[in-house]
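Peer 1: Sequence plus the predicted model coming up.
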Amino acid sequence: MQVLANVDVDDLEKAIAFYTGALDLRLGRRLFNNAVAELLGGMVTIYLLAKPAGSAATANSSLRRDYRRRRRETGSGIQTFAWGLLATLSDPFGHGFCAVQFHGRGYGEVT
């Protein structure tokens with residue numbers, strides 16, 4: 001099974017710069033008239049989709065995209081678990097994500 005991740009962003013060029021720099025990914029293809037950027041180099045391919053703030057969240061929804069940064073509590077920074085290290089972060093678009101470094105068997109350490 002192939003898994004990929006789509007991330008809506010309001011500024012495609014800033015998003016490419018952020019994700020290639022922060023996660024050491026590389027730009028693959030630009031698709032759909034330069035509205036989508038493919039990022040390669042991780043275990044999952046990430047597609048950044050240019051979607052302006054205020055646009056419809058889905059074709060059948062009255063919800064609108066809102067990219068205002070959301071505050072996230074990160075506790076004391078890096079957290080340590082039996083399976084590895086975890087840092088909770090927020091990208092410049094307000095999306096929360098986690099950086100994980102596995103130890104040993106990763107999540108298998110807790111089974």
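Peer 2: That came through fine. Numbering: from 1, shown residues only.

Peer 1: can you map out the helices along this structure?
Peer 2: 12-22 (DSSP state H).

Peer 1: which regions of it sit below the pLDDT cut-off?
Peer 2: Applying pLDDT under 70 to the chain flags the ranges 1, 69-76.

Peer 1: In terms of residue numbering, what are the domains of it?
Peer 2: Following automatic domain parsing, one gets these domains for the chain: 1-53, 70-111.

Peer 1: any idea how far the first one is from the chain center?
Peer 2: To tie it back to what came earlier, the one meant is domain 1-53. Going by CA atoms, centre = their mean, to the nearest Å, the spacing between the C-alpha centre of domain 1-53 and its chain's C-alpha centre is 9 Å.

Peer 1: could you pull out the strands for the chain?
Peer 2: Counting by DSSP state E, the segments of the chain that form strands are 4-9, 26-31, 36-40, 45-50, 79-81, 84-90, 96-102.

Peer 1: Format those strands as JSON lines; extra columns: distance to residue 63.
Peer 2: In this view, the C-beta of every residue, glycine as well, is placed from N, C-alpha and C. Below are the strands of the chain laid out as JSON lines (distance: least, CB to CB, whole Å):
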{"stretch": "strand 4-9", "distance to residue 63": "12"}
{"stretch": "strand 26-31", "distance to residue 63": "25"}
{"stretch": "strand 36-40", "distance to residue 63": "21"}
{"stretch": "strand 45-50", "distance to residue 63": "16"}
{"stretch": "strand 79-81", "distance to residue 63": "32"}
{"stretch": "strand 84-90", "distance to residue 63": "20"}
{"stretch": "strand 96-102", "distance to residue 63": "18"}
